[in-house]
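Trainee: Provided below for reference: sequence and predicted model.
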Amino acid sequence: MKAIIRNINYYVSSDRDLAKRLHQILGFTPCRLGLFKTAFYHKSMHNTAKRSQQNNERLEYLGDAVLSTIVAEYLFTKYPLGDEGFLTKMRSRIVKRATLNSIADKMGLDVILSEYSQGKMSKSMLGNAFEAMIGAIYLEMGYKKSKRYVINEILRKYLDIHELEATDDNYKSKLLEWGQKKGKVIEFVLINRYKLSKRDRFLIGVNIDGEQKATAEDFNKKSAEQTASMEVVQLLQIN
C-alpha cells in the first residue's frame, strides 16, 4: 500500500515536483507528502494567497526534540568512555543552528525552500526547515527507522564528527573566559530589536570595559552574540 502511495506522489500528485526533489535529496519518496511540504513553509513566507497554509513551527518543535534524542543516543553509543560534560558539548555542537544550517545547505534544502520563500530566505530558515523535515521523517517512519535514517543518511554523510570534536567555536565562552583572566568586564548589549519579514531581528553589541568592540545582527539573539564575539576574538587575536 505504501509503495502505491509513493508512486502516486511521485508520478501523478499535484506536488509530484516536490516529491521528485525530495527523492533526490532524501533517497525516498514520502507517503505523507503534505507533511514534508509543510516543513518548508516558514511563518514569514505567507502572502495573501497562502495564509491558509500551515507553517512549519510545530514540525520544527517536534524535529528539534527527535533530533536531540537521536544525537544523544548516537553519541552515547559512539563514545562509551565520554563523560556527561563531553557528551553534552558534542550534542550542542551538532544541534546548534550553524551546524544545522550547514547540513541543510549541503543536502540542497535551499532549492526547495527557495520556492516557498518569495525571495526572503535567510540562513536560519534552512536550519528551521531541516528540523521540521526531521519531524516529518519521524511521523513518516516512526522512531526506530528515523534514528537509523538520520544517523546513516544524514549525520554520517554530511557531518565530520571528528573535525567537530576538535573544534572549539564557542566564541562567546572563549571571550568571557579571556575577560575573566584579564580582569575585563564583558557585556552583551541589545542595541536594537526590530521586525524584518515579520520576524524579530536583533542587533547586539559587545562591550569591553564599557567600550563597544563589535556589533552583529541576526534573527536569533544567541547567534548574533556568537557572531559579535567571533569578531572580537579575531580582532584581539584571542587563542
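Mentor: Now that the structure is in, tell me what you want to look at.

Trainee: Going by C-alpha atoms from here, please, whenever you check contacts or count neighbours.
Mentor: Noted.

Trainee: and the next element down the chain from the lengthiest helix in the chain?
Mentor: Assignment by DSSP state H gives helix 57-78 as the longest helix of the chain. Downstream of helix 57-78, the first helix or strand assigned by DSSP states H and E is helix 84-95.

Trainee: for that next one, what is the average pLDDT?
Mentor: Helix 84-95 carries an average pLDDT of 88.

Trainee: buried residues in it?
Mentor: Within helix 84-95, the residues scored as buried using 16 or more other C-alpha atoms under 10 Å are 87, 90-91, 93-95.

Trainee: now do stretch 21-28
Mentor: 21-22, 26.

Trainee: and if you look at stretch 181-200?
Mentor: 186, 188, 190.

Trainee: Take these and lay them out in CSV including pLDDT, secondary structure and distance to Tyr79.
Mentor: Shown next, in CSV, are those (pLDDT from 0 to 100; DSSP: H, G, I helix; E, B strand; the rest coil; distance: C-alpha to C-alpha, whole Å):
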residue, pLDDT, secondary structure, distance to Tyr79
Ile186, 95, strand, 35
Phe188, 96, strand, 35
Leu190, 96, strand, 39
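
Trainee: What is the nearest of those to Ala132?
Mentor: The closest of the buried residues of stretch 181-200 to Ala132 turns out to be Leu190 (C-alpha to C-alpha; 29.0 Å).

Trainee: Tell me how many other residues crowd the closest residue to that closest one other than its chain neighbours.
Mentor: Take Leu190 and drop its neighbours on the chain: the residue closest to it by C-alpha to C-alpha, 6 or more residues apart in numbering is Ile204, 4.8 Å away. Residues lying near Ile204 (other C-alpha atoms under 10 Å) number 26.
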